[in-house]
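Q: Structure of the sequence below:
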Amino acid sequence: MRKLIRQPSYNLDDRPFMIIWETTHACDLACRHCRAEAIPEHDPLSLKTDEAKRLLDQVDSFGMPRPIFIFTGGDPFKRADLFELLAYGNELGLAMAVSPSGTPLLNEANLPAQPDEVS
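A: Below you'll find the model as predicted:
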C-alpha cells in the first residue's frame, strides 16, 4: 500500500492546486516533444496584457490557499509583458513561477537572484 506523502488541506474540486498557462507558442527551439507547437514570434492572437491580468484576477478569486501559477510556453521569456504579469500576480499575492525553455533568453538578466526581486 502506497503512503500518501502530501495531501492538500482543501478539496481540489473547489479550486486547483496549480495552474500552468502556456503563455505563448513563441520559442527559438523546435523540440519534437513540445506540445506548444513552437513558432518564431509571439502569436498576435494570444491573450493581450489586460486579458492576461483578468486571467490572474480570476485565479485570485479562487480564494485561499491560492493556486501556484506557472507561466510556460513555448518560451515565456519571448512574451514582452512577462515581467509585468509576474509583478501583477505578485501584487495579488499569487505564488508565481516560470518554466522557461533552454534558450539564450534563459540568462542571468531574466533570472533574479531573489524571488522578491521580480516585483
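
Q: Relative to Asp14, how far out is the residue nearest the centre of the chain?
A: The residue lying closest to the centre of the chain (CA atoms, centre = their mean) is Phe71, at 1.5 Å. Distance of Phe71 to Asp14, computed by CB to CB, to the nearest Å: 24 Å. Quick note: C-beta positions are derived from backbone N, CA and C, even for glycine.

Q: Could you find the closest non-adjacent residue to Ser99?
A: Thr72 (4.1 Å; CB to CB, 6 or more residues apart in numbering).

Q: mind listing the strands for the protein?
A: 18-22, 68-72, 95-98 (DSSP state E).

Q: Most tightly packed of those strands?
A: Greatest average neighbour count among these goes to strand 68-72 (a mean of 19), per mean count of other CB atoms under 10 Å.

Q: Can I get the strands of the chain in a markdown table including distance to Cys31 and mean pLDDT?
A: Listed next are those as a markdown table, based on distance: least, CB to CB, whole Å; pLDDT from 0 to 100:
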| stretch | distance to Cys31 | mean pLDDT |
| --- | --- | --- |
| strand 18-22 | 14 | 92 |
| strand 68-72 | 13 | 92 |
| strand 95-98 | 17 | 91 |
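
Q: Any idea how far stretch 52-70 is from the middle of the chain?
A: Distance, stretch centre to chain centre, for stretch 52-70: 11 Å (CA atoms, centre = their mean, to the nearest Å).
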